[in-house]
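Engineer: sequence unavailable; structure follows:
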């Protein structure tokens with residue numbers, strides 16, 4: 001299994017609020033999380049990723065929810081896109097937490113190594129996905145696609 005991210009959209013309170021399921025893997029570890037966000041989140045994140053330059057020290061952070069029990073969030077989602085080297089080597093740090101009590105608790109954290117063009121491609125895919133004309137976004141280090149067919153989570 002190669003590194004990938006899949007986002008599936010389920011009809012909800014569109015076009016303002018979205019119900020999404022993110023499924024991701026680095027080829028060794030995988031995780032998925034159902035979450036809710038504002039539709040404008042996709043636009044904002046897509047613009048940042050499409051313009052990501054990959055200069056050493058650059059970082060884009062997208063977080064929803066909280067892991068603090070007292071904050072009473074149903075989930076925590078964290079995506080961090082960070083430049084590691086001057087030559088364009090980057091990392092996507094993914095942390096997913098369903099904030100459930102044991103035995104339903106699910107927490108996953110892992111990294112996907114990527115190059116700047118792959119992160120920019122993810123940004124462009126998110127921009128198109130944000131138009132709400134497709135149900136599924138699939139991204140890999142080499143390519144990506146938008147569609148309307150559900151498949152098994154990556």
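Structural biologist: Received the coordinates, thanks. From a predicted model like this one, the values you see are computed outputs, not experimental measurements. Numbering: from 1, shown residues only.
Engineer: in this structure, which spans are helices?
Structural biologist: 39-50, 116-129 (DSSP state H).
Engineer: let me know which of these is the nearest to residue 8.
Structural biologist: helix 116-129 (10.3 Å; C-beta to C-beta). Glycine gets a C-beta too; all of them are placed from N, C-alpha and C.
Engineer: show me what the closest one is in contact with.
Structural biologist: For helix 116-129, the external contacting residues (C-beta atoms under 8 Å, 6 or more residues apart in numbering) are 5, 7, 9, 42-43, 45-54, 81, 83, 88, 90, 92, 134, 137, 139, 141-146.
Engineer: need the buried ones from those residues selected in PyMOL.
Structural biologist: Selection of buried members from the contacts of helix 116-129 for PyMOL, criterion 16 or more other C-beta atoms under 10 Å:
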select buried, resi 5+7+9+42+45+46+48+49+50+52+54+81+83+88+90+92+134+137+139+141+144+146
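Engineer: take the contacts of helix 116-129 and keep only those in strands.
Structural biologist: Cross-referencing the contacts of helix 116-129 against strands under DSSP state E gives 5, 7, 9, 81, 83, 90, 92, 137, 139, 144, 145, 146.
Engineer: which one of the residues you listed is nearest residue 101?
Structural biologist: residue 7 (26.7 Å).
Engineer: just for the chain, where's the confidence low?
Structural biologist: 150-154 (pLDDT under 70).
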